[in-house]
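J.: got a predicted structure plus its sequence, pasted below:
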Amino acid sequence: MTDTTRGASLGGAPAGASRSTAQLLTDLYSELTGLFRKEIALVKAEMGQKVGQVASGIAFAVAGGVLSLVGTIFLFQALIYGVAYLFGIHEGWATLLVGLLVAGIGGLLVMSGVRAMNLDSLAPNRAIGQVRRDVQVIKEKV
């Protein structure tokens with residue numbers, strides 16, 4: 001004789017394990033929310049790791065920038081000595097000439113950058129045009 005309470009019902013589930021639709025939906029909901037929570041935790045952990053990598057990269061870039069700036073200062077000092085020697089002028093006058101040259105180049109770069117950042121060129125013209133076309137299509141449909 002076989003025990004009917006331990007036999008398999010439809011779908012291969014034990015006969016005593018039949019559950020209502022509401023219970024199945026509740027279980028599905030709790031499983032899905034648990035899955036989403038785990039996925040969110042994974043994303044948070046991964047993003048935390050990525051932020052650490054970015055912070056490390058920024059630190060190295062800043063350190064490299066500072067060292068490059070110090071190196072550039074020494075190069076300008078050598079340029080000052082070179083100008084003083086080449087033209088036979090006092091180092092103070094050579095410093096003034098090199099300073100004016102560097103300031104002039106810096107000013108030109110700033111003006112070029114400001115022109116490149118013209119507010120009209122920063123507007124998302126394609127997106128604005130697409131939104132206008134979408135509004136027109138919607139008006140035609142209504």
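T.: Received, thanks.
J.: helices or strands up against the helix or strand containing M47?
T.: Assessed by DSSP states H and E, M47 sits inside helix 21-87. In terms of contacts (3 or more CB pairs under 8 Å, 6 or more residues apart in numbering; DSSP states H and E), helix 21-87 is packed against helix 91-116. In this view, the C-beta of every residue, glycine as well, is placed from N, C-alpha and C.
J.: re earlier: could you give the angle of the helix holding M47 to helix 91-116?
T.: 140 degrees (axes from the mean of the first three to the mean of the last three CA atoms, to 10 degrees).
J.: so what's the gap between helix 21-87 and the chain middle?
T.: 8 Å (CA atoms, centre = their mean, to the nearest Å).
J.: pLDDT of it, averaged?
T.: In this model, helix 21-87 carries a mean pLDDT of 91.
J.: what residue is smack in the middle of the chain?
T.: Central residue of the chain (CA atoms, centre = their mean): V54, 9.2 Å from the mean position.
J.: separation between that residue and M47?
T.: Taking CB to CB, to the nearest Å as the measure, V54 falls 10 Å from M47.
J.: next: L75.
T.: 41 Å.
J.: and for A116?
T.: For A116 relative to M47 (CB to CB), the value is 33 Å.
J.: for R126, same thing?
T.: R126 sits 30 Å away from M47, going by CB to CB.
J.: same thing with V98?
T.: V98 sits 47 Å away from M47, going by CB to CB.
J.: of the two, which one has the most company?
T.: V98 (18 against 10; other CB atoms under 10 Å).
J.: can you tell me the closest non-neighbouring residue to the more buried one?
T.: Using CB to CB, 6 or more residues apart in numbering and skipping the chain neighbours, the partner closest in space to V98 is I80 (5.0 Å).
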